[in-house]
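# Here is the input, now give the coordinates:
(chains A and B)
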Amino acid sequence: MTQRMDARFAALKAENRPAFVTFVMAGDPDPITAQQIVDGLPAAGADVIEIGMPFSDPMADGPAIQAAGQRALEAGQDMVKTLQLVTNFRQKDDATPIVLMGYYNPIYIYGVDKFIQDAIEAGVDGFIIVDLPPEEDEEFCLPAIKKGLNFIRLAAPTTDDKRLPMVMSNTSGFVYYVSMTGVTGSALSNPTDIAEQVNRLKAHTDLPICVGFGIKTADDAKRIGADADGVVVGSALVKAVEDSLENGKATAKTPSAVHDLVADISKGVRAARS
Amino acid sequence: MSGENSLRMGPDERGRFGHFGGRFVAETLMPLILELDQAYKDAKADPTFKEEFDYLLKHYVGRPSPMYFAERMTEHLGGAKIYFKRDELNHTGSHKINNCIGQILLAKRMGKPRIIAETGAGQHGVATATVCARFGFPCTIYMGAKDVERQAPNVFRMKLLGAEIVPVTAGKGTLKDSMNEALRDWVTNVEDTYYLIGTAAGPHPYPEMVRDFQSIIGQEAKEQMQEAEGRLPDMLIAAVGGGSNAIGLFHPFLDDREVKIVGVEAGGKGLDTDEHCASLTAGSPGVLHGNRTYLLQNYDGQIDEGASISAGLDYPGIGPEHSFLKDSGRVEYVPIDDDEALAAFQLLTRLEGIIPALEPSHALAEVVKRAPTMDKDQIIIMNLCGRGDKDVFTAAKHLGVDLNSD
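Residues are numbered from 1 along each chain as shown, chains lettered A, B, ... in the order given. Sure, this is the predicted structure:
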């Protein structure tokens, strides 16, 4: 089942350009608009789609993604609807890898085995679960990998060389390098450091290294994409959703606000190595 | 001694009490949690750490706290003899300071001078701000915006002590959101910051560490009861929010199977409403704030807000060791609602001249139910873990008294 992910990164490697990984929140600002947003991402330039599973207590997220999750929950989003979003997307697109990102508790309550099964049927390729470090692999990572899904690790500036081999085990798809200590959406750190960090990680894995946290513009994406195998943009996109709302509700321009920003940042990604 | 069948062996190397506990944190924090675990192991093995801890508990906190025979309360209830372990007489007015002394010494040892903490009612915030003033460490306290309003005297107290108060508006602006915000601070300021968690929850090693620092309560109680009555008590009763005062009293007695142990949760407006904090009696296991434990949550794993007359019990989770003790059957957990707690609050004030905090008032309400059903030669120890000065305004409001009029 990891074919979509591996095929996508292989194709990008052949093109000699980094992947553009976009994050949006499932059900934000409402299920129908979120579907339109996700459905339009590949055409706007997204190579890999991360879909946030809203959680009431997103401890590693900054204000933009916290607010997105709250909007989604208030609009009635739940895990069943999030899988439905993927099912619907897959009817039109069978090539773009989809990664569900979030926290463990909603999965735990759904039931790990049932969730893995339903995610496979929906067409999910992998997971990023923020509060499941390698120390807790048997909870979800190992069962997911066993069923052929990608379990994508986060590596952080605090992950030292001694710890890296552990972080790089039981993982597949790509590695998500968190560009800074902090929450999602903070200011971007120095790109020179990021190049060094990407090289540090490369010594421990053959997987593509995607860098996220703090990338907001085409220019950011261009700079980071020069060294990384992929750039992840999340907070800026959910902020675009937020800015397009009127009285908390979606407007006609909500999907296009996201798609226009994705198209714009995509130019930076595509120019990163030219 | 803890033997093979001991209930006092936990947690294991992975921070598990049975299948509760653990280390469910972001990768950025994981190396810090491991560093803390090692530092705590080293500190435990270092006699000078314990010496300094004991010295400060004695001369700064005022330990041992008295074991008081509540003669009139006993007479009034007409059953078991009632003793109070008087941790409300500690410096800063609650048991919270015991843990703060231990953790500030650890922070000093680790060379992490910037202290952050979360607080609900402000008792832990005040205790944290106090030890930070004592050690000269800068201190940032995260407190729900609603609690900042409700607990103005404690907010002022913390500011006097030199702490910076950050009102938390994220989420619903309550204790659990303050904990989220403190974790966000920690994940951002990893180099110099020590997160001083106030209850026996959070990722391993916090539940173990906080329990160990609070166990002084139970150790003293055991000795004092021996001195007063020459035997073990028949029953222990303590309030549980996150559960630190309760685990502190209970832990040294866990292997004394003849001692019945009761934890009292905040029943709020009743378990048939949405407004309570009874995670053990009305919740289900889940993962929040770094550990698996009983939580108040919905069908989708979204965490509910707790509600209680007592801001200190207003947390939708519970320390993981309590979850383990519930499932093992060793400790019985029961809810007490707002009205029962408020009645007990007034009863103690009138009968013994002690104004208790609303948290131990919940424990007291359970004493009121149990003592009359027990024999006169039986003994209950209740943890009187905080004093009620902070709650006078809340109590007045609920009793329909306007303090601003003459």
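# What residues are bridge-paired with the residue nearest the centre of chain A?
To find the centre residue of chain A, average its C-alpha atoms and take the closest one (Cα atoms, centre = their mean): that gives residue A:50, at 3.2 Å. In this structure, residue A:50 has the following beta-bridge partners (DSSP bridges): residue A:23, residue A:99.
# List the contacts of it.
Taking Cβ atoms under 8 Å, 6 or more residues apart in numbering or on different chains as the definition of contact, the neighbours of residue A:50 are A:21, A:22, A:23, A:24, A:98, A:99, A:100, A:101, A:128, A:232, A:234. The C-beta positions use only the backbone N, C-alpha and C, and glycine is treated the same way.
# so where is the chain shaky, pLDDT-wise?
All of this is about chain A. Along chain A, the parts satisfying pLDDT under 70 run over A:1-2, A:189-192.
# wrong chain, I was asking about chain B
Within chain B, the segments meeting pLDDT under 70 span B:1-4, B:405-406.
# Any idea which residue is closest to the centre of it?
In chain B, the C-alpha nearest the mean C-alpha coordinate belongs to residue B:244, at 3.2 Å (Cα atoms, centre = their mean).
# these two touch, right, it and residue B:199?
Yes - assessed by Cβ atoms under 8 Å, residue B:244 is found in contact with residue B:199 at 4.5 Å.
# hey, what's in contact with both of those two?
Common contact partners of residue B:244 and residue B:199 (Cβ under 8 Å, 6+ apart): B:210, B:319.
# what about residue B:52, neighbour count?
Around residue B:52 sit 17 other residues, with neighbours defined as other Cβ atoms under 10 Å in any protein chain shown.
# What residues of the strand or helix carrying it count as buried?
Assigning secondary structure by DSSP states H and E places residue B:52 in helix B:47-56. Across helix B:47-56, burial judged by 16 or more other Cβ atoms under 10 Å in any protein chain shown covers B:49, B:52, B:53, B:56.
# Could you give the secondary structure assignment for the residue lying closest to the last one once chain neighbours are set aside?
Counting by Cβ to Cβ, 6 or more residues apart in numbering or on different chains, residue B:56 lies nearest to residue B:101, which is 4.9 Å off, once chain neighbours are set aside. The three-state label for residue B:101, taken from DSSP: H, G, I helix; E, B strand; the rest coil, comes out as helix.
# Spell out which parts of the stretch 151-300 of chain B neighbour chain A.
B:170-171, B:176-177, B:180, B:183-184, B:187-190, B:284, B:286-290, B:292, B:295, B:297, B:299-300 (Cβ under 8 Å from any Cβ of the partner chain).
# Show me those residues that map onto strands.
B:284, B:286, B:287, B:288, B:290, B:292, B:295 (DSSP state E).
# Please name the bridge partners of the residue lying closest to the second one once chain neighbours are set aside.
Pointing back at residue B:286 there. If the residues on either side of it in the chain are set aside, residue B:286 comes closest to residue B:295, at 4.2 Å by Cβ to Cβ, 6+ apart. In this structure, residue B:295 has the following beta-bridge partners (DSSP bridges): residue B:284.
# same deal with residue B:387?
Beta-bridge pairing for residue B:387 (DSSP bridges): residue B:356.
# Kindly format the C-alpha coordinates of stretch A:30-45 as CSV.
Output of stretch A:30-45 as CSV, limited to C-alpha atoms (Å, rounded to 0.1, in the frame of the first residue of the first chain):
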residue,chain,number,x,y,z
ASP,A,30,-17.2,22.5,7.4
PRO,A,31,-17.2,19.0,5.8
ILE,A,32,-18.3,20.1,2.3
THR,A,33,-15.9,23.0,2.0
ALA,A,34,-13.0,20.8,3.3
GLN,A,35,-13.8,18.2,0.6
GLN,A,36,-13.6,20.9,-2.1
ILE,A,37,-10.3,22.2,-0.6
VAL,A,38,-8.7,18.7,-0.5
ASP,A,39,-10.0,17.7,-3.9
GLY,A,40,-8.4,20.8,-5.5
LEU,A,41,-5.0,20.4,-3.9
PRO,A,42,-3.3,18.2,-6.5
ALA,A,43,-4.3,20.5,-9.4
ALA,A,44,-3.0,23.5,-7.4
GLY,A,45,0.4,21.8,-7.0
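# residues in contact with that stretch?
Among residues not part of stretch A:30-45, those counted as contacts by Cβ under 8 Å, 6+ apart are A:20, A:22, A:24-28, A:49, A:51, A:72, A:75-77, A:81, A:85, A:88-89, A:92-93, A:95-96, A:241, A:249-250, A:254-255, A:258-260, A:262-263, A:265-267, A:269-270.
# rerun that using 7 Å as the cut-off
Under the contact criterion Cβ atoms under 7 Å, 6 or more residues apart in numbering or on different chains, stretch A:30-45 has outside partners A:20, A:22, A:24, A:26-28, A:49, A:51, A:75, A:77, A:81, A:85, A:88-89, A:92-93, A:96, A:250, A:254-255, A:258-259, A:262-263, A:266.
# Please check those and keep the buried ones.
With burial judged by 16+ other Cβ under 10 Å, the buried subset of the contacts of stretch A:30-45 is A:20, A:22, A:24, A:26-28, A:49, A:51, A:75, A:77, A:81, A:85, A:89, A:93, A:96, A:250, A:254-255, A:258-259, A:262-263, A:266.
# can you map out the helices along the stretch 301-406 of chain B?
Taking DSSP state H, counting those that start in this stretch, the helices of the stretch 301-406 of chain B run over residues B:320-328, B:338-352, B:358-370, B:392-398.
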